[in-house]
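> coords below, sequence missing:
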């Protein structure tokens, strides 16, 4: 079996300052019925469902192990995803109802933007109450399929993100966005996930981060991605599913 990811946390002590920034991770997950269609040649529908939920579990666990992260929230329309997220300690938002004619990427971006606005509004009303309260809530919009992500990678990306605006972590393909970070800014998250999102996020003002974070950049969409993640080392939930499906070192090593 491929290596198992080590989740030792980022080893950075969280501040005890009551005025410190709130860091919220947002993960949006589509309806499982439409999830990971590009894996259909390798996995049956039920197998894809198990894999998606396992990757989500490992992504949530890694994000939650980052010491500066205060909460992890999953936004989804799917009841099984919601049940899984709650079981592993994440907060759950129902995907907001938008235009039913919207394409999937537009729905995803609407879900991210709406959840970010709700989290910031809650901080203003429930805790800070000051006019600058929203700016004290930093948002990390994260892909749900990062089973090889290490907590230290996300911690470093957040620490590297520029203050006063948005930063992005480009995915391993060089075209997508693995994470979008809004830090120390009253501005909006303005997510543009979807086709060629890295370019569109950069053109909209987000700064590209240059860290060496192979697990954070490796969002899994294809069987090749599964093998790469498996070889890099995935979290325990994904390890268990892949093992049950017969994945081994030989399968993992088939990808260059």
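Cool, got the structure. This is a predicted model, so every value here is computed, not measured.

> Okay, buried residues for stretch 237-246 please.
237-239, 241-242 (16 or more other CB atoms under 10 Å). Any C-beta I mention is one placed from the backbone N, CA and C, and that applies to glycine too.

> Which stretches in the stretch 1-150 of the chain count as helices?
45-64, 79-87, 104-123 (DSSP state H, counting those that start in this stretch).

> tell me the mean pLDDT over stretch 88-103?
For stretch 88-103, mean pLDDT is 81.

> What's the end-to-end length of it?
End-to-end span of stretch 88-103 (CA to CA, to the nearest Å): 29 Å.

> Which positions within it qualify as buried?
Under the neighbour-count criterion of 16+ other CB under 10 Å, stretch 88-103 has 88, 90, 92-93, 95 buried.

> In strands only, show me the residues you listed.
Those of those mapping onto strands are 92-93, per DSSP state E.

> Just put the buried residues of stretch 88-103 in CSV and tack on distance to residue 31.
Formatted as CSV, these follow (distance: CB to CB, whole Å):
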residue, distance to residue 31
88, 19
90, 18
92, 15
93, 15
95, 9
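
> wait, residue 161 sits on residue 185?
No. Under the criterion of CB atoms under 8 Å, residue 161 makes no contact with residue 185, lying 10.2 Å away.

> can you put the buried residues of stretch 237-246 in TSV and add distance to residue 223 and pLDDT?
Listed next are the buried residues of stretch 237-246 as TSV, based on distance: CB to CB, whole Å; pLDDT from 0 to 100:
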residue	distance to residue 223	pLDDT
237	19	97
238	14	97
239	17	96
241	14	96
242	12	95
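
> re earlier: more neighbours: residue 161 and residue 185, which one.
In this view residue 161 and residue 185 are compared by other CB atoms under 10 Å, and residue 161 has more residues nearby, 23 against 17.

> State the distance from the more buried one to residue 202.
14 Å (CB to CB, to the nearest Å).

> With residue 61 instead?
Counting by CB to CB, the gap from residue 61 to residue 202 is 30 Å.

> Who has more neighbours out of these two?
Neighbour count, other CB under 10 Å: between residue 61 and residue 202, residue 61 has more, with 21 against 16.

> What distance do you get for the more buried one to residue 36?
Relative to residue 36, residue 61 is positioned 20 Å away (CB to CB).

> before we move on, the earlier item: I'd like to know which of the helices of the stretch 1-150 of the chain lies nearest to residue 137.
The closest of the helices of the stretch 1-150 of the chain to residue 137 is helix 104-123. By CB to CB, the value is 4.8 Å.

> helices or strands up against that closest one?
Judged by 3 or more CB pairs under 8 Å, 6 or more residues apart in numbering; DSSP states H and E, the packing partners of helix 104-123 are strand 22-28, strand 71-76, strand 91-94, strand 137-142.

> Swap in 10 Å and give it another go.
strand 22-28, strand 71-76, strand 91-94, strand 137-142, strand 177-183 (3 or more CB pairs under 10 Å, 6 or more residues apart in numbering; DSSP states H and E).

> Quick one: residues contacting the residue nearest to residue 240 when sequence neighbours are not counted.
Spatial nearest neighbour of residue 240, excluding adjacent residues (CB to CB, 6 or more residues apart in numbering): residue 54 at 6.9 Å. Contact analysis of residue 54 by CB atoms under 10 Å, 6 or more residues apart in numbering lists 84, 145, 147, 234-242, 244.

> Next, give me the two most distant ones among those residues.
145 and 244 (18.3 Å).

> Point out where the stretch 101-250 of the chain drops to low pLDDT.
Along the stretch 101-250 of the chain, segments meeting pLDDT under 70 span 123-135, 248-250.

> Thought residue 71 was touching residue 85, still the case?
No. Proximity of residue 85 to residue 71 does not meet the contact threshold set by CB atoms under 10 Å, at 12.0 Å.

> Mutual contacts of those two, please.
Counting by CB under 10 Å, 6+ apart, the common neighbours of residue 85 and residue 71 are residue 91.

> Residue 164 and residue 184 touch, don't they?
Yes. Applying CB under 10 Å, one finds residue 164 in contact with residue 184, separated by 5.6 Å.
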